[in-house]
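Asks: predicted model follows, preceded by the sequence.
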Amino acid sequence: MKKKLDRRETVKSLLLGGVAGGLVLQGCQPGAESDTKSETAEEQVPGGGYGRTEEEMARDQALKEQEFLTAHELATITVLCDIILPADENSGSATDAGVPDFIAFIVKDMPYHQVPVRGGLMWLDHESNSRFGKKFVDCTAADQVAIIDDIAYPDKVDPGLSQGAKFFSLMRDLTMTGFYTTKIGIDDLGFVGNIPNVWDGVPDEVLKEQGLEYDQEWLSKCIDQSTRDKMPEWDDEKNLIG
Amino acid sequence: MQIKEQSTQYDVCIVGSGAGGGMAANKLAEAGLKVALLEAGPFFDPAKPEYQTQLKWPWESPRRGAGSTRAFGDFDAAYGGWEIEGEPYTRKNGTEFDWFRSRMLGGRTNHWGRISLRFGPLDFRRGDYDGRGDNWPISYDDVAPYYDKVDKMLGVFGSKENLPNEPDGYFLPPPKPRLHELHYIKAARKANVPVIPSRLSILTRPINKQRGVCFYCRQCSRACRVYADFSSSTCLVIPALEGNNIDLYTNAMVREVTTDENGKATGVSYINKEDLQEYQVKAKTVILAASACATARILLNSKNTRHSNGLGNSSGLVGKYLHDSTGASRSGFVPALMNRKRYNEDGVGGMHVYTPWWLDSKKQDFARGYHIEVWGGMGMPSYGTGFGVSEMNRFVRDATVGGYGSKLKEDARRFYGAVVGMSGRGECLAREDNYCEIDPNVVDKYGIPVLRFHYTWSDDEVKQAKHMQDTFEEILTNMGAELLGNKPGPESQYGLAAPGRIIHEVGTTRMGSDPKKSVTNSKQQLHDVDNVYVVDGGPFVSQADKNPTWTILALSWRTSDIIIDNFKKMNI
Ligand SMILES: Cc1cc2nc3c(=O)[nH]c(=O)nc-3n(C[C@H](O)[C@H](O)[C@H](O)COP(=O)(O)OP(=O)(O)OC[C@H]3O[C@@H](n4cnc5c(N)ncnc54)[C@H](O)[C@@H]3O)c2cc1C
Ligand code: SF4
């Protein structure tokens, strides 16, 4: 329990960090590469690949071994997800992004979703049975959409279908979040961060478009990024002089 | 249980490795003292892959970073949170207090917001200023040399502004504002609310060879693998471990301070979480830095015939005068930020601009003041992204809320990065009837009696929150924003967060020159026991409208110098 630091290890990992810093300076963007790297390299990393403590790893493992949703429920969710986010000219579908698997996990991780999801799916089958004499997954695409159209617009829902609308809003939220937290979704959204870089202010064309500018007095206080490698020097009045 | 004693006697034993404990460990070890550093949590070092969450993608977590096990999400560098399994706390008379604990090397400084503000001259003598509460027994001038040293040793960016109660430091240059921050500056100024570059302990330039420079990933809350932001683990404890003067005990849950027949401290006893046995560490001097409330707990649990009220508690004030910052927030949807051009605007892990308290408190209908933090931008998606996006259509003419298909993808794209929010963080009056004490009926899983909290907001804090809401509304409106949600009113105390929620616990071992009215003296030494010191937020007399950590660090260094001096004198 008494611990001395293994200095070698720390220095080694600091250097790894240093590489990232080096890439920045060369203006190199390791984005795409780091995606693939993380998937292969993390497998062997203790911490489950994303910095887990032992208790958290055990919890993850236990959740993965449990099952909650049935095959039928999952099949219905799959149809719903792809109605909510189909493939189009911009990006793939919810199932391309693995959203049904994400929902299957999240209802185990957050048990408060279980009754609304399971009950909502039952509600949907009941609705399709009474309208078309079939479970939702067995309906034609047109019949499926007919039901969805009635519950997809919360401001215009027939009061008799309000529970269905609530369920659909939940499915929409889970599908959206499951989608936009994958590489497919992030690329569609256009998030381009999470890589080492040097922030040097809002691009000029954006400032112009927004009718804004940096005022000179403010800018004069900010970092000149060509000095980002230089140790600072101050005078006794706390002015940064070098 | 038999208590196992160790034969080594240390010069100093420090409890807790957060801001206060880390600084003391670093300075005392540097001076050649033999130090035992006891930490209730495990080791942590974000330079090592097994601890890293920085630069991970949301899909690397099966719950996409949601907060199922960590309060601020999977990628946040805090082990612990509001609730810790097997370590309960209770509340009294239906009052509220939420207690956040990080159990790990570095404590809460691994994921804190890095907002690093000096208290101003006025903040040390509020008693004189408005007669509400007491002055500190020390002044800004006593602490200033230590603020200077902390700035230079640990690094903080900011700008020289010459404001009377917002003292300047030795600042590294700050980063340029982001787009939503430019909108904020313009809108705030229109409301006569000043804005200045923020002051965060993040290295925009190098200050030594051991730490890297910020590469702008906006993830300081995940802890920085190149040590470009300040954490006690990476910048104080780990470097100090390279010398030979510190023995670090992790997973060591301190129960009490042990004393001899003269009432002097002899060390501490702790439960080793790995074998659940109780051990004793002997030391000539004991320094408590377990966080303000945890330190009060240790003192109150250190009861014996000589100290029947708990150690250092002849005044009965250990645990009293607990106070946390006030907090309230509001956000709005800014149409000018719709359909934004994409570029990387991550920046540092915190805001680039902020508003320090700008009014004269004497002219308000509440005591003291608050500062404003601003947030927004095209952040990395995580669990929750996409929820209710379509609702934003309510603000757009002819658009429908809800639906499905490509329309939703379009919604997600056009509303991305169009929400701006602001939060006020203010000063709560320190009151004797806000406190923590030992619950007579409950122990934790280590058999240690737990804390029971009693805390209420007074009218001053509620009125302060109202002022925040009015200010936020004016600024957001100036920005052309559609305000989200209803304006919080009296029914919710104007959105005032529950006590504890801002995680700035201070005041439980307040300092003063009168031993009847305070627990520690101006050296942060117990009035009652001269070889026990407290270097977390406990000795704070008042909170200021500023975050506490830079002051904890400065005062811990100051106290360390006093202790080093004592040792030198003893040896001569
Ligand atoms: C999300 C968040 C954001 C924050 N942002 C800011 C900010 O921007 N600016 C700012 O100034 N402050 C901020 N804070 C507050 C800041 O983290 C604290 O002020 C600071 O960490 C206090 O330092 P400390 O040493 O008193 O306690 P801590 O950092 O809490 O460290 C205490 C240590 O003691 C250990 N310990 C507790 N009990 C025992 C025991 N019985 N035995 C052994 N060890 C024990 C704990 O495990 C912990 O490691 C923030 C906090 C949080 C949680
Ligand atoms: S924003 Fe900068 S300091 Fe913070 S974690 Fe990222 S690289 Fe490190």
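Replies: Arrived safely, thanks for sending. Ligands and ions are numbered 1, 2, ... in the order given.
Asks: so where is the chain shaky, pLDDT-wise?
Replies: Defaulting to chain A. A:1-44 (pLDDT under 70).
Asks: wait, chain B
Replies: Applying pLDDT under 70 to chain B flags the ranges B:1-2, B:572.
Asks: all helices of chain B, in order?
Replies: Ranges of helices in chain B, per DSSP state H, are B:19-30, B:126-130, B:140-154, B:179-190, B:232, B:238-241, B:292-301, B:406-415, B:459-478, B:549-571.
Asks: then chain A?
Replies: Using DSSP H, helices in chain A cover A:7-25, A:31-42, A:54-65, A:71-84, A:99-109, A:114-132, A:141-151, A:162-180, A:183-189, A:204-210, A:216-221.
Asks: nearest to chain B, of those?
Replies: Comparing the helices of chain A against chain B with Cβ to the nearest Cβ, the closest turns out to be helix A:162-180 (2.9 Å). Where you see a C-beta, it was placed from the backbone N, CA and C, and this is true even at glycine.
Asks: coming back round to it: okay, the helices of chain A in TSV with mean neighbour count and distance to B:Asn262 next?
Replies: Output for those, formatted as TSV (neighbours: other Cβ atoms under 10 Å in any protein chain shown; distance: least, Cβ to Cβ, whole Å):
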stretch	mean neighbour count	distance to B:Asn262
helix A:7-25	15	42
helix A:31-42	13	56
helix A:54-65	13	43
helix A:71-84	20	71
helix A:99-109	21	55
helix A:114-132	16	61
helix A:141-151	16	77
helix A:162-180	23	62
helix A:183-189	20	65
helix A:204-210	13	70
helix A:216-221	12	56
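Asks: which one of those helices lies closest to ligand 1?
Replies: With Cβ to the nearest ligand atom, the closest approach to ligand 1 among the helices of chain A belongs to helix A:54-65: 15.3 Å.
Asks: OK, contacts around residue 178?
Replies: This is for chain A. By Cβ atoms under 8 Å, 6 or more residues apart in numbering or on different chains, the contact list for A:Gly178 reads A:Cys81, A:Ala94, A:Ala97, A:Gly98, A:Val99, A:Phe102, A:Ile103, A:Ile106, B:Arg64.
Asks: to clarify, I was referring to chain B.
Replies: By Cβ under 8 Å, 6+ apart, the contact set of B:Arg178 is A:Val202, B:Glu345, B:Gly347, B:His352, B:Gly376, B:Gly377.
Asks: let me see the contact set for the residue lying closest to B:Arg306 once chain neighbours are set aside.
Replies: Leaving aside its sequence neighbours, B:Arg306 sits nearest to B:Gly263 (Cβ to Cβ, 6 or more residues apart in numbering or on different chains; 4.7 Å). By Cβ under 8 Å, 6+ apart, the contact set of B:Gly263 is B:Arg306, B:His307, B:Asp528, B:Val529.
Asks: mind checking how far B:Gly263 is from B:Val529?
Replies: As judged by Cβ to Cβ, to the nearest Å, B:Gly263 and B:Val529 stand 6 Å apart.
Asks: likewise B:Arg368?
Replies: Distance of B:Arg368 to B:Val529, computed by Cβ to Cβ: 33 Å.
Asks: what residues does the stretch 401-550 of chain B put near ligand 1?
Replies: Neighbours of ligand 1 within the stretch 401-550 of chain B, by Cβ under 6 Å from any ligand atom: B:Ile503, B:His504, B:Asp536, B:Gly537, B:Asn547, B:Pro548, B:Thr549.
Asks: okay, now the third one: neighbour count?
Replies: Each residue near B:Asp536 was counted by other Cβ atoms under 10 Å in any protein chain shown, and the total is 33.
Asks: list the contacts of it.
Replies: Going by Cβ under 8 Å, 6+ apart, B:Asp536 touches B:Gly16, B:Gly18, B:Ala19, B:Gly20, B:Gly21, B:Leu288, B:Ala289, B:Ala290, B:Ser291, B:Ala292, B:Thr295, B:Ile552.
Asks: would you turn these into JSON lines with neighbour count and distance to B:Ile207?
Replies: JSON lines is the format used below for these (neighbours: other Cβ atoms under 10 Å in any protein chain shown; distance: Cβ to Cβ, whole Å):
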{"residue": "B:Gly16", "neighbour count": "28", "distance to B:Ile207": "25"}
{"residue": "B:Gly18", "neighbour count": "32", "distance to B:Ile207": "21"}
{"residue": "B:Ala19", "neighbour count": "30", "distance to B:Ile207": "18"}
{"residue": "B:Gly20", "neighbour count": "37", "distance to B:Ile207": "21"}
{"residue": "B:Gly21", "neighbour count": "30", "distance to B:Ile207": "22"}
{"residue": "B:Leu288", "neighbour count": "34", "distance to B:Ile207": "29"}
{"residue": "B:Ala289", "neighbour count": "33", "distance to B:Ile207": "24"}
{"residue": "B:Ala290", "neighbour count": "28", "distance to B:Ile207": "29"}
{"residue": "B:Ser291", "neighbour count": "28", "distance to B:Ile207": "27"}
{"residue": "B:Ala292", "neighbour count": "31", "distance to B:Ile207": "29"}
{"residue": "B:Thr295", "neighbour count": "30", "distance to B:Ile207": "30"}
{"residue": "B:Ile552", "neighbour count": "28", "distance to B:Ile207": "20"}
